[in-house]
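Visitor: Model the following, please.
(2 chains)
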Amino acid sequence: AQSVSQHNHHVILSEAASLELGCNYSYGGTVNLFWYVQYPGQHLQLLLKYFSGDPLVKGIKGFEAEFIKSKFSFNLRKPSVQWSDTAEYFCALESGGGADGLTFGKGTHLIIQP
Amino acid sequence: DGGITQSPKYLFRKEGQNVTLSCEQNLNHDAMYWYRQDPGQGLRLIYYSQIVNDFQKGDIAEGYSVSREKKESFPLTVTSAQKNPTAFYLCASSMVWDRLTYEQYFGPGTRLTVT
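Guide: Residues are numbered from 1 along each chain as shown, chains lettered A, B, ... in the order given. Predicted structure coming up:
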């Protein structure tokens, strides 16, 4: 069975600080990887995704993530955060081969202080 | 305006009652999913359906039931057998092509409180 681990449950940063949220997964086969964000009071929405190809993927709002297969990792990064980035961030995995649903990490609650 | 609608936004029930949560999508997506979100637990998959009249159990299906009679609709029933039904329930859908799926789109959620 697959699993996703997010290292930090709560992160507090000041505006303009750099961000890196860790995500590791456990699965031996082909994976599709996602980062979703849940802003306060809003729908869960996709930040970025990795299916194949270039392991460095860029998403919306200046976010990027790097897939490192040897480390089973898919860390999320942003060089300079803004107050509006305050949200809950979820890393998710889909094992390749079908629409069988996503396996989510437990989430990281990010608070950006102005 | 395409998207996923879930109703109601808030739902209150007494213990021992079954309750059905609605999920409708007009994205023409083949696959639909139900997740449960609890604080500090992330999202966990309850049931999913890749095609009309077919569905599969997810990781935490006990105490829940679903139906998929129409492509656009995937209602979830929380039965009295579910031991901890109070949670935030999220419905999602995705396009499927040649058994490959694309990203999932999520609805606004229904917060169920059972007392």
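Visitor: going forward, measure contacts between C-alpha atoms and count neighbours the same way
Guide: OK.
Visitor: shaky segments in the chain?
Guide: Defaulting to chain A. A:96-99 (pLDDT under 70).
Visitor: Please refer instead to chain B.
Guide: Ranges of chain B meeting pLDDT under 70: B:1-2, B:98-101.
Visitor: near chain A, which residues of chain B?
Guide: B:31, B:33, B:40-45, B:48, B:50, B:58, B:96, B:99-101, B:103, B:105-109 (C-alpha under 8 Å from any C-alpha of the partner chain).
Visitor: ok, of the residues you listed, which come out buried?
Guide: B:31, B:33, B:42-45, B:48, B:50, B:58, B:96, B:101, B:103, B:105-109 (16 or more other C-alpha atoms under 10 Å in any protein chain shown).
Visitor: Looking at these, which are in strands?
Guide: Those of those mapping onto strands are B:31, B:33, B:42-45, B:48, B:50, B:96, B:101, B:105-106, per DSSP state E.
Visitor: which one of the residues you listed is nearest chain A?
Guide: Set against chain A, the nearest of those by C-alpha to the nearest C-alpha is B:Gly42 (3.8 Å).
Visitor: Which phi and psi values does the nearest residue to the closest one once chain neighbours are set aside adopt?
Guide: In space, and not counting its chain neighbours, B:Gly42 is closest to A:Lys106: 3.8 Å by C-alpha to C-alpha, 6 or more residues apart in numbering or on different chains. The phi/psi pair for A:Lys106 (degrees, to the nearest 10) reads phi -80, psi -10.
Visitor: tell me the contacts of A:Lys106?
Guide: Residues near A:Lys106 by C-alpha atoms under 8 Å, 6 or more residues apart in numbering or on different chains: A:5-6, A:9, A:90, B:40-43.
Visitor: Chain B contacts on chain A?
Guide: So chain A meets chain B at A:9, A:42-46, A:49, A:90, A:96-107 (C-alpha under 8 Å from any C-alpha).
Visitor: Now, of those residues, which are buried?
Guide: Applying 16+ other C-alpha under 10 Å to those flags A:44-46, A:49, A:90, A:96, A:99-107 as buried.
Visitor: Which residue is the nearest non-sequential neighbour of the residue nearest the centre of chain B?
Guide: Taking C-alpha atoms, centre = their mean as the criterion, B:Trp34 is the residue nearest the geometric centre of chain B, at 2.7 Å. Nearest in space to B:Trp34, with sequence neighbours left out and distances taken as C-alpha to C-alpha, 6+ apart, is B:Cys91 at 4.6 Å.
Visitor: now that neighbour: how far from A:Ala1?
Guide: 23 Å (C-alpha to C-alpha, to the nearest Å).
Visitor: Between these two, which has more neighbouring residues?
Guide: Each of B:Cys91 and A:Ala1 has its neighbours counted (other C-alpha atoms under 10 Å in any protein chain shown); B:Cys91 has more, 31 against 7.
Visitor: neighbouring contacts of the host helix or strand of the residue nearest to B:Trp34?
Guide: Element membership for B:Cys91 (DSSP states H and E) is strand B:87-94. Outside of strand B:87-94, the residues within contact range by C-alpha under 8 Å, 6+ apart are B:4, B:6, B:23, B:25, B:29-38, B:101-113.
Visitor: let's see 6 Å
Guide: Here strand B:87-94 makes contact (C-alpha atoms under 6 Å, 6 or more residues apart in numbering or on different chains) with B:29, B:31-38, B:102, B:104-107, B:109-112.
Visitor: In the sheet, which strands lie alongside it, parallel or antiparallel?
Guide: strand B:31-38 (antiparallel), strand B:105-106 (antiparallel), strand B:110-114 (antiparallel) (DSSP bridges).
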